[in-house]
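Undergrad: Build me a structure from this.
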Amino acid sequence: MPELPEVETIRLQLEKFLSNHTIQDVEILSPKTFPSGKEKIIKGKIISLERFGKAIVINLNNHYSLIIHLKMTGQLIYRGPNLVNPPPLSKNVAGLPGKHTRIIIDLDHNGKLFFNDLRKFGWFKVVKTDELKSVPFLKNLGPEPLKDLTPTHFQEILRKSNQKIKLFLLDQKRLSGVGNIYANDALWLAKIDPNRSARFLTKNESKTLFTAIGQVLNNGLKFAGASDNSFVTATGGEGEYQNHFLVYNQKDKPCSRCQTKIKKIKFSSRGTYFCPNCQK
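TA: Take a look at the predicted model:
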């Protein structure tokens, strides 16, 4: 699933590509993905894009907003006058449009925004802009590491949790935007065993982990996300963070700190990678 760096990469690109475009029509190829409300955004001019956790919000000048969640395999790819020389499509993209295209947003000046989704878990929802904060999904998101979280606040919410620290990091109601890739890498960077109880981390450990989370998320942004699976940027190209994983997807490879073999276990069906020597 695209995580904060992947979704923010898309938002930053689309903010540039979609600025001042007007929505002319919405082609819904999968009604499950966009069940209702398309008529409210047609003829709306795009004025800004926001991100809440792993969701993108497109705000229009008619006081409506379009919430988009990529879920596991969603892709948002732009083609139009604001991207003159698009890169070759990633191997992760099955055409534009292609067999996995679920939504096509037709823009003025021959622009198009394609939504591809292999597994069809992604969703679109239209709401009034002034009601965004009351949408249950957005309302229930926890604080975000790079935006509205401090080391002190982080320690406070850790102490209130009975979860294992790895599961805590994945809980979007506790902490929004962090997913499996960056949780693994942050715990490795902080030298913390993913099986530890969140509430029993020391003050120094929680501060170290807070810093590590920010560092891996910023690195993910620096490299435009990880394209080890289905993720592509809004140009249809690939990110490069998969070439810089610290521990994620490194099973049986030597730890870069101590050369111990990286182990992989399962937490709630999620692959968890760690160094049994470094992480305590």
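
Undergrad: longest single helix anywhere in this protein?
TA: helix 203-222 (DSSP state H).

Undergrad: how close does the nearest residue to Asn218 once chain neighbours are set aside get to His69?
TA: Excluding the flanking residues, the one nearest Asn218 by CB to CB, 6 or more residues apart in numbering is Leu146, at 7.3 Å. Every residue, glycine included, has its C-beta placed from N, CA and C. Distance of Leu146 to His69, computed by CB to CB, to the nearest Å: 19 Å.

Undergrad: the more surrounded of the two?
TA: A count of neighbours by other CB atoms under 10 Å puts His69 above the other of Leu146 and His69, at 19 against 14.

Undergrad: residue contacts, the more buried one?
TA: Contacts for His69 were tallied using CB atoms under 8 Å, 6 or more residues apart in numbering; they are Lys54, Ala55, Ile56, Gly122, Trp123, Phe137.

Undergrad: wait, isn't Lys32 in contact with Lys120?
TA: Yes - if you go by CB atoms under 8 Å, Lys32 and Lys120 touch, sitting 6.3 Å apart.

Undergrad: Which of the two has more residues huddled nearby?
TA: Lys120 (15 against 12).

Undergrad: Distance check, the more buried one against Lys54.
TA: 17 Å.

Undergrad: Chain neighbours aside, what residue packs nearest to His69?
TA: Ala55 (4.8 Å).

Undergrad: who's that neighbour bridged to?
TA: Phe52, His69 (DSSP bridges).

Undergrad: Give me the number of neighbouring residues for it.
TA: 23.

Undergrad: Check Arg119 too.
TA: 11.

Undergrad: Secondary structure element for the spatially closest residue to Thr101 that is not a sequence neighbour, which one?
TA: Counting by CB to CB, 6+ apart, Asn116 is the residue found nearest to Thr101 once chain neighbours are left out, at 5.2 Å. In the assignment (DSSP states H and E), Asn116 maps to strand 112-117.

Undergrad: now do Lys120
TA: Judged by DSSP H and E, Lys120 forms part of no helix or strand.

Undergrad: Now it: phi and psi?
TA: With angles defined as degrees, to the nearest 10, Lys120 sits at phi 60, psi 30.

Undergrad: how far away is it from Glu131?
TA: Lys120 is 26 Å from Glu131, by CB to CB.

Undergrad: Can you tell me what sits against whichever helix or strand Ala186 is part of?
TA: For Ala186, the host element (DSSP H and E) is helix 180-190. Identification of contacts with helix 180-190 by CB under 8 Å, 6+ apart yields 1, 3-5, 165-166, 169-170, 178, 193-194, 205, 208-209, 211-213, 215-217, 220, 226, 228, 241, 245-248, 270-275, 278-279.

Undergrad: Now do the same contact list for the nearest residue to Gly220 once chain neighbours are set aside.
TA: Take Gly220 and drop its neighbours on the chain: the residue closest to it by CB to CB, 6+ apart is Pro5, 2.9 Å away. If you count contacts by CB under 8 Å, 6+ apart, Pro5 has them with Tyr182, Leu217, Asn219, Gly220, Leu221, Ala224, Gly225, Ala226, Gly239, Tyr241.

Undergrad: One more pass at 6 Å, please.
TA: Listed by CB atoms under 6 Å, 6 or more residues apart in numbering, the contact partners of Pro5 are Leu217, Gly220, Leu221, Gly225.
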